[in-house]
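# Next input, structure requested:
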Amino acid sequence: MLRCRIHLEQRGYAPATINLGLAAVRRIAYEAADAGLLSPELAAGIRRVKGVRRIGVRLDNWPTPEQGRRLLDSAVPSNISHAARPWQKMQTEHPGQNEKPVKPAPDPDAWFHARRLSRA
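Reported below is the predicted structural model:
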């Protein structure tokens, strides 16, 4: 089990991915020991292998709490779609204001990154 963890770390997997796999193996070992397919000592040894410690910050570009507050405070109610202003009504009253074509068009079967720009 420890060699498996080390192998996954060396291959560059994220700590969350490694810990998820270790948790699955721990559960299988527990069930196998409970069913008599694995010795309790071996199952206990598997359960003792610690997960990978998560160090640092997320790699994604998440806003800080202050940036989130500023973003929410800068939202203009006329540009927000909610129950009182259905999307079709917004399209007819404000054509081209809330949506613009994406050039080049993204592949519908692939992931893509989008960036939202707002006037503050």
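# can you pull the buried residues of the longest helix seen in the chain?
Counting by DSSP state H, the longest helix found in the chain is helix 15-34. Neighbour-count burial for helix 15-34 flags 18-19, 22, 26, 29-30, 33 (criterion: 16 or more other C-beta atoms under 10 Å). To be clear about C-beta, it is placed using only N, CA and C from the backbone, and glycine gets the same treatment.
# from those residues, which single one is nearest Gln67?
Comparing the buried residues of helix 15-34 against Gln67 with C-beta to C-beta places Asn19 closest, at 28.8 Å.
# Return the distance of that closest one relative to Gly51.
For Asn19, the distance to Gly51 equals 4 Å [C-beta to C-beta, to the nearest Å].
# try Asp34
22 Å.
# And for Ser39?
With C-beta to C-beta as the criterion, Ser39 and Gly51 are 23 Å apart.
# Those two: who's more crowded?
Gly51 (15 against 11; other C-beta atoms under 10 Å).
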